[in-house]
Structures are given as C-alpha cells and as structure tokens.
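> Can you look at this prediction? I've put the sequence above it.
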Amino acid sequence: MKFSHFSHIWAKPGMTPHQRYEQLWREIALCDEVGFDHAFCVEHHFRPDESWMSSPNLYAVGAGARTKRLRIGPMGYIVPLYHPLRLAEDIAIVDQMLGGRMELGLVPGINADYFRPFGLDYSQRKSPTLEFVDYLNAAFGDTQPFSFHGQEFHTDNAEISVQPMQRPHPPLWMMSRDPQTLEFCAKRGINPGYFLVYPRADAAPRYRKFLTDWQGAGWAHKPNIGYSTVIYVDESDERALDIALFRASRAYEGFLPQAKSGASFEERVAIFASMFVGRGEPGASEIMRNVFNPDYLLKHDLVFIGSPDTVAAKIRAAAQAGLFNGIMGEFNFADLPEPELMRSIRLFGEKVIPALRDYEPF
C-alpha cells in the first residue's frame with residue numbers, strides 16, 4: 001500500500017494564513033521523516049472560511065523545500081482555470097525544482113463558484129481536463145517547437161524552455177468515480193481515487209472494471225487507487241475517540257454554504273444535503289446527509305480513528321471492500337490541537353504504515 005498526507009489546508013480558528021502554512025510545513029516534514037509516500041493538496045478558491053490553498057504550485061515547491069524523499073503534488077490542478085501552455089510550463093518547472101518528485105493530479109473542478117469570478121463556464125469543464133493529457137504529451141514530446149490542435153486547445157509553434165525531469169511527465173492522477181473517466185484513466189495509465197463521500201460498496205464494482213480495463217490496456221505495473229478520509233491515531237481507542245470523533249464530524253464544515261446571519265449549523269447542513277438529491281447516487285447522498293454525524297461516521301467506518309492496531313485493521317478492511325491500495329489521510333481537521341496532530345502523524349508513520357506496507361488488496 002501507499003500512504004499520503006492529504007490536506008485542504010483548512011482555515012483554522014485563531015491562526016493567520018502564515019501561521020497555518022507554517023504548521024502545514026511542520027506536518028509535511030514529519031511525514032517525510034516517518035515514512036509517508038506522498039503529500040497532496042487541493043486547489044480551492046474564493047472561500048476564506050474554508051480552504052487557504054489556491055496555488056498548488058506554491059504548495060509543491062514549499063513542501064519540496066522542506067522534505068527530501070516525499071513525492072508531492074496537487075490533487076489536483078483545476079485544469080479549466082488555466083491556459084494549457086502556462087500550466088504545462090509550470091508543471092515542468094515544479095518537477096525540476098522537486099528533483100523529479102512531483103505527482104500530478106488533474107481535476108475538472110467540483111464547485112461552480114470557482115469558475116464564475118474567472119468568467120468561465122462551469123458546465124464546460126470535463127472535456128478540457130481530459131484533453132489536457134494529450135496536450136501534455138505534445139508539450140513534453142521530443143518534437144520542439146510543438147503544435148497542438150484539439151477540440152479545446154490550440155497551440156502553434158511553441159517551445160517549452162524547461163522540460164520535466166520525469167519523462168514524458170510526472171505520474172498522473174484523476175480522482176473520479178465516473179465510469180467514463182475511469183475508462184479513460186485505465187486506457188491512459190492514470191491513477192484514480194475517490195473520497196469518503198462515495199460508498200466503498202458502490203465504488204468496488206466500478207474499480208473492479210477499472211482494473212480489468214487497466215490490465216487490458218497492457219500496463220505492466222499496478223495502478224495506485226487512492227481513498228481519502230479523516231485519520232486520527234492515538235495511544236488508545238478511548239483517547240482517540242474522545243479527542244477526534246466529534247472533530248472529525250466537523251472536518252468538512254467548509255463544504256457547507258457560507259454561514260449567513262441567523263442560519264444555524266443544522267440549516268446549513270440541510271441546504272448542503274438538498275444539493276445531492278436526485279443525483280442517481282443514493283449511497284453518496286446518504287453519506288452527504290450524515291457526514292456531520294459522528295455516530296454515523298463511526299458506525300460505517302467512514303473515518304479511521306483509534307489506536308494504531310485499530311486504525312490499521314480498519315484501513316485493511318476498507319481497502320479490501322473498497323478496492324483501493326492507497327490511503328490519503330486528512331490528518332489536520334477542525335480545531336485539532338497541534339500536539340495531538342503531530343502525535344497522530346507520528347504514530348501513523350511509525351506503527352500503522354509498517355503494519356500495512358506489504359498488504360495488497362488486489
């Protein structure tokens with residue numbers, strides 16, 4: 001299995017952005033020390049009450065300067081927000097600055113609010129994200145200057161000054177549960193993954209087909225399939241639950257509509273849940289309605305909280321059921337104090353990772 005530090009870089013009570021970034025670097029440096037494989041960040045915009053990470057490039061370079069072995073990257077760039085040529089240049093330079101340690105996540109974007117201030121059409125986001133894979137292969141190809149003419153992107157006679165250290169490009173990721181996107185990923189050798197809001201029982205058949213398609217495409221290596229959720233490890237189950245369970249039920253409060261005068265937390269949750277009615281994914285809709293319910297999270301093992309042995313057992317069972325071989329842990333959530341945060345990361349690295357490193361769920 002592979003093990004990743006995953007961060008929304010949530011806004012934290014009582015912390016300035018600078019203080020929050022400094023804390024982030026301490027987290028990632030510890031992950032580098034205790035044996036994590038990756039560190040990933042999101043790209044979010046225009047919500048000062050939610051995520052403080054709108055620039056994956058700066059995250060990757062900042063994290064790279066404070067680590068020696070971790071593989072680092074966005075999960076992922078919101079491709080439609082960029083000019084493809086500029087994004088290709090940035091990816092190449094980041095990979096060089098990281099000494100070939102970059103992992104490259106690409107996403108279409110999940111929130112229309114990220115698109116409106118840029119004057120972009122949210123409904124036209126998937127096609128450019130998929131086409132960018134072909135664009136990268138042209139931009140990083142042996143023929144320079146290069147030209148590209150697709151449905152979304154057009155470039156004539158451009159020469160990339162700096163090519164990535166990893167050829168033809170850093171390993172690609174696309175977090176998705178969409179069947180067509182998973183078919184695309186299998187064909188192109190792209191690592192996929194999903195978040196706790198999609199039921200593992202629903203994900204397993206889709207990812208089983210993905211693995212069949214992957215093998216049919218002739219790839220000699222196994223894909224990395226990631227699963228992202230909240231993790232907290234402590235010396236005992238009782239202590240871990242006491243510190244982290246309620247906080248885990250508030251980990252994704254940033255997904256709710258911004259608080260307005262007089263609106264209760266419950267009212268904000270109801271508005272949020274209503275957005276997922278009728279999407280044809282009843283399991284995901286149910287989780288969305290209950291993602292702020294600590295008893296529900298614990299009963300369904302949607303977050304992994306406990307002693308090292310308990311967390312290792314929970315991940316092992318979930319990986320088998322949900323068909324993933326990589327865990328992307330959100331370790332810093334809600335108002336978790338830093339001493340507990342760092343103890344959790346250390347215990348995960350020193351005790352959970354060794355217990356699961358050789359486990360192969362598929």
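Arrived safely, thanks for sending.
> For residue 210, give me its contacts.
Contact partners of residue 210, counting by C-beta atoms under 8 Å, 6 or more residues apart in numbering, are 182, 183, 185, 186, 192, 223, 225. Placement of C-beta: from N, CA and C, glycine included.
> so where do the helices sit in this protein?
17-34, 56-65, 84-97, 126-139, 179-188, 200-216, 237-248, 265-274, 282-290, 294-299, 308-322, 338-347, 353-356 (DSSP state H).
> ok, and for the lowest-mean-pLDDT helix or strand in the chain, which residues are buried?
The helix or strand of the chain with the poorest confidence is helix 265-274; it has a mean of 80 (mean pLDDT, DSSP states H and E). Buried residues in helix 265-274, defined by neighbour count with 16 or more other C-beta atoms under 10 Å: 268, 269, 272, 273.
> Hmm, residue 253 and the third one touching each other?
So that's residue 272. No: taking contacts as C-beta atoms under 8 Å, residue 272 lies outside contact range of residue 253: 9.7 Å.
> out of the helices of the chain, nearest to residue 109?
helix 126-139 (8.2 Å; C-beta to C-beta).
> Just the angle for that closest one relative to helix 84-97, thanks.
Per axes from the mean of the first three to the mean of the last three C-alpha atoms, to 10 degrees, the angle that helix 126-139 makes with helix 84-97 is 60 degrees.
> how about helix 126-139: buried residues?
Within helix 126-139, judged by 16+ other C-beta under 10 Å, the buried ones are 126, 128, 129, 130, 131, 132, 133, 135, 136, 138, 139.
> residues contacting the third one?
To tie it back to what came earlier, the one meant is residue 129. Counted by C-beta under 8 Å, 6+ apart, residue 129 has contacts 79, 80, 106, 107, 108, 174.
> rewinding a little: nearest to residue 242, out of the buried residues of helix 126-139: which one, please.
residue 129 (41.9 Å).
> what separates the closest one from residue 207, distance-wise?
Going from residue 129 to residue 207 by C-beta to C-beta, to the nearest Å gives 20 Å.
> likewise residue 310?
Counting by C-beta to C-beta, the gap from residue 310 to residue 207 is 25 Å.
> can you check residue 10 too?
Counting by C-beta to C-beta - residue 10 and residue 207 are separated by 28 Å.
> now swap in residue 17 and tell me
Residue 17 is 37 Å from residue 207, by C-beta to C-beta.
> higher neighbour count, the two?
Between residue 17 and residue 207, residue 207 has the larger neighbour count (other C-beta atoms under 10 Å), namely 24 against 13.
> What pLDDT is listed against that one?
Note for residue 207: predicted pLDDT of 98.
> now do residue 291
Residue-level pLDDT assigned to residue 291 equals 93.
> Give the closest residue to it in space, chain neighbours not counted.
Distances taken as C-beta to C-beta, 6 or more residues apart in numbering put residue 252 closest to residue 291, at 5.8 Å, once the chain neighbours are dropped.
> doesn't residue 290 make contact with the one you found?
No: the criterion here is C-beta under 8 Å, and residue 252 misses it with residue 290 at 11.5 Å.
> how far does the longest strand seen in the chain sit from the chain's center?
Counting residues, the longest strand found in the chain (DSSP state E) is strand 226-233. For strand 226-233, the separation from the chain centroid amounts to 11 Å (computed by C-alpha atoms, centre = their mean, to the nearest Å).
> what bits of the stretch 151-300 of the chain have low per-residue confidence?
261, 276-279 (pLDDT under 70).
> what about residue 4, how many neighbours?
27.
> Next, the contact list for it, please.
36, 37, 38, 39, 40, 226, 326, 327, 328, 329.
> again, only this time at 10 Å
31, 36-40, 70-73, 75, 103, 193, 224, 226-228, 326-330 (C-beta atoms under 10 Å, 6 or more residues apart in numbering).
> quick one: common contacting residues for residue 272 and residue 253?
291, 292.
> any idea which residue sits dead centre in this protein?
Centroid check for the chain by C-alpha atoms, centre = their mean gives residue 75 as the closest residue, at 4.3 Å.
> which of the contacts of residue 210 are buried?
Counted by 16+ other C-beta under 10 Å, the contacts of residue 210 give 182, 185, 186, 192, 223, 225 as buried.
> Residue 361 versus the fourth one, what's the distance?
Here the distance between residue 192 and residue 361 works out to 15 Å (C-beta to C-beta).
> Kindly report the same for residue 57.
Distance from residue 57 to residue 361, by C-beta to C-beta: 33 Å.
> Residue 4 now?
16 Å.
> before we move on, what about residue 350?
Per C-beta to C-beta, residue 350 is found 22 Å from residue 361.
> go on, residue 207?
10 Å.
> How about residue 38?
18 Å.
> Then residue 30?
27 Å.
> same thing with residue 130?
Separation of residue 130 from residue 361 (C-beta to C-beta): 27 Å.
> repeat for residue 5
21 Å.
> Neighbour count for those two, which is higher?
Neighbours were counted for residue 5 and for residue 361 using other C-beta under 10 Å; residue 5 has more, 28 against 17.
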